[in-house]
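> Need a 3D model of the following:
(chains A and B)
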2 protein chains.
Amino acid sequence: MNNKPLILVTNDDSIHAKGLHKLVEIVRQYGEVVVIASEQIMSGMSHAVTIKVPLMPRLSKKEEGYTEYITNGTPVDNVKIGRHRLLNRKPDLIVSGINHGSNAAINIVYSGTMAAAMEGAIEGIPAIGFSLDDFDSEADFSHVSPYIQTIVKKVLREGLPEGVCLNVNFPKKSSEPLKGIKTVRQAKARWVEEFELRTDPYGRQYYWMGGVFENGDPRHDTDEKAMADNYVAVVPVKIDFTADQYLDKLKF
Amino acid sequence: MNNKPLILVTNDDSIHAKGLHKLVEIVRQYGEVVVIASEQIMSGMSHAVTIKVPLMPRLSKKEEGYTEYITNGTPVDNVKIGRHRLLNRKPDLIVSGINHGSNAAINIVYSGTMAAAMEGAIEGIPAIGFSLDDFDSEADFSHVSPYIQTIVKKVLREGLPEGVCLNVNFPKKSSEPLKGIKTVRQAKARWVEEFELRTDPYGRQYYWMGGVFENGDPRHDTDEKAMADNYVAVVPVKIDFTADQYLDKLKF
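Predicted coordinates:
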């Protein structure tokens, strides 16, 4: 009988990402860890599920307290197949990340890392997505460990409200230490896209998507503001898109 | 100078889907229509964006009041590249669908069709996703036209609140006529996944994702309940995941 918490770890930057292995290193002290991560980079895959091809997870490592699977699926596939096939019981916690790049504000909707955490909430499993505001594949994660420990310990001890997961975003490492944790709301911000037009060697036109992030939200209780002030931003996230305030107003 | 509304049409069932062409047929009477749809089926792609490969839209049809592009992107890519490259001005309306299969309840989170509508809302464009609770590629759409007309005319006339789009779901065609339109909330329902295990000709194991839809929401004002009662279900949708009720309670 094993009484240690079972912790599922995934991400969207693939099994090869530094952020994933940093997260594993931190959470191994709290329980039995199973990693189920994609072979390929799944950034920007949002809540996509694989239905056109079958999933082929393969066991890539097994040692005391640690098991690792590599898959051809998306982050959400990884949570689903973990829950329903690869794990021998419902996990006590799902942690996703540490994402290379912020998932604050509107980024949550495009993020595979956050989708995996949300899928945990849909499945009734406490889940946390961690992201660092630094896209560098060699990003410095040294300032985040104590905060991840605090948050993981609290969630393992107390759980989360039904249907709620956490979106945790860290400012990029700087010379100033982080000031603490703030519980905040998703900022209203957006990407202003730019599509760069090129011509391929056969004369066909193609576009690369790029864009500039614009935060026009003046409120002081947002994830963007907290990060700008060098706090860790924690947003409690629910998966209900209903715009309640218009239910009574919208008549046909 | 053209004063007709500019209407962007997309979906996730691809350019070949019957539901898309049904929707085009309905909305052509209200404006200049531009279709930007994927060559391949993009069901279950959620809010995924294409960042690993470039986008290669190609003009596939152009006639009076109607332009059609086929792309290698996702539904959200199609809205983005339409808005920022292919259309000569901001569209007055985005309609997505008609999806073959319901996008009520939790289905909204997996749906490429609804993600396209949500991307419209993010861009500040009135947007509506239409879905029929029938997966059949030859589904009967004959009962939905008058309701789509009513909803499209109202939205073209009045717009939608900032950041809000509509998730419109139709019951499958039956011997009973539809009873009308209800404005309702997203039901709390989920898929209980089943992964079918098979072995390929080389002895490797693989899984096909399947599942059973479970609606355990007893409330009477949900999309699932409205559809069960043979109403058209309209959910006003916002893209803010913040679980407001926990902002003050969640302390670290």
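
> Strands of the stretch 101-250 of chain A, start to end?
A:127-132, A:164-170, A:181-183, A:189-199, A:205-215, A:232-238 (DSSP state E, counting those that start in this stretch).

> check whether the second one contacts chain B.
I take that to be strand A:164-170. Yes - for strand A:164-170, a contact with chain B is found by CB under 8 Å from any CB of the partner chain, at A:164, A:167. For glycine as for every other residue, the C-beta is placed from the backbone atoms N, C-alpha and C.

> Restrict that strand to CA atoms and write it as PDB.
Taking C-alpha atoms only, strand A:164-170 is exported to PDB below (Å, rounded to 0.1, in the frame of the first residue of the first chain):
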ATOM      1  CA  VAL A 164     -11.500  25.200 -10.300                       C
ATOM      2  CA  CYS A 165      -7.800  25.100 -11.200                       C
ATOM      3  CA  LEU A 166      -5.000  27.600 -10.800                       C
ATOM      4  CA  ASN A 167      -3.100  29.600 -13.400                       C
ATOM      5  CA  VAL A 168       0.200  30.600 -11.800                       C
ATOM      6  CA  ASN A 169       2.500  33.000 -13.600                       C
ATOM      7  CA  PHE A 170       6.000  34.100 -12.600                       C
END
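
> before we move on, back to that, how about the strands of the stretch 101-250 of chain A, which one is nearest residue A:245?
Among these, strand A:232-238 comes nearest to residue A:245, with 15.6 Å by CB to CB.

> report the angle between the axes of the closest one and strand A:164-170?
Going by axes from the mean of the first three to the mean of the last three CA atoms, to 10 degrees, strand A:232-238 is angled at 160 degrees with respect to strand A:164-170.

> sorry, back to before: which of the strands of the stretch 101-250 of chain A sits closest to residue A:108?
strand A:164-170 (5.8 Å).

> quick one: average pLDDT of the closest one?
The average pLDDT for strand A:164-170 rounds to 98.

> now stretch A:134-148
The predicted model gives stretch A:134-148 an average pLDDT of 97.

> end-to-end on that stretch?
17 Å (CA to CA, to the nearest Å).

> Enumerate the positions of it that are buried.
Across stretch A:134-148, burial judged by 16 or more other CB atoms under 10 Å in any protein chain shown covers A:134, A:139, A:141, A:143, A:144, A:147, A:148.

> Same question for stretch A:78-93.
A:78-87, A:91-93.

> So which of the residues you listed reach chain B?
Applying CB under 8 Å from any CB to those, those adjacent to chain B are A:80, A:81, A:83, A:84, A:85.

> What about residue A:224, how many residues nearby?
25 (other CB atoms under 10 Å in any protein chain shown).

> Now residue A:35, what are its backbone angles?
phi -100, psi 130 (degrees, to the nearest 10).

> how many other residues sit next to it?
23.

> And the strands of the stretch 101-250 of chain A: which comes nearest residue A:35?
Comparing the strands of the stretch 101-250 of chain A by CB to CB, strand A:127-132 comes nearest, at 14.3 Å.

> Which strands or helices does that closest one pack on?
Strand A:127-132 is packed against helix A:18-27, strand A:93-100, helix A:112-122, helix A:145-158, strand A:164-170, with contacts defined by 3 or more CB pairs under 8 Å, 6 or more residues apart in numbering or on different chains; DSSP states H and E.

> what does it contact?
Applying CB atoms under 8 Å, 6 or more residues apart in numbering or on different chains, the contact partners of strand A:127-132 are A:19, A:23, A:93-104, A:111, A:113-114, A:116-121, A:139, A:141, A:144, A:148, A:151-152, A:155, A:160, A:165-170, A:172.

> how about the closest residue to residue A:5 other than its chain neighbours, what does it touch?
Using CB to CB, 6 or more residues apart in numbering or on different chains and skipping residues adjacent in sequence, the residue nearest residue A:5 is residue A:31, 3.5 Å away. Counting by CB under 8 Å, 6+ apart, residue A:31 touches A:4, A:5, A:6, A:7, A:65, A:92, A:93, A:156.

> The second one against residue A:93, yeah?
To tie it back to what came earlier, the one meant is residue A:5. Yes - if you go by CB atoms under 8 Å, residue A:5 and residue A:93 touch, sitting 6.2 Å apart.

> what's the overlap in contacts for these two?
A:31, A:156.
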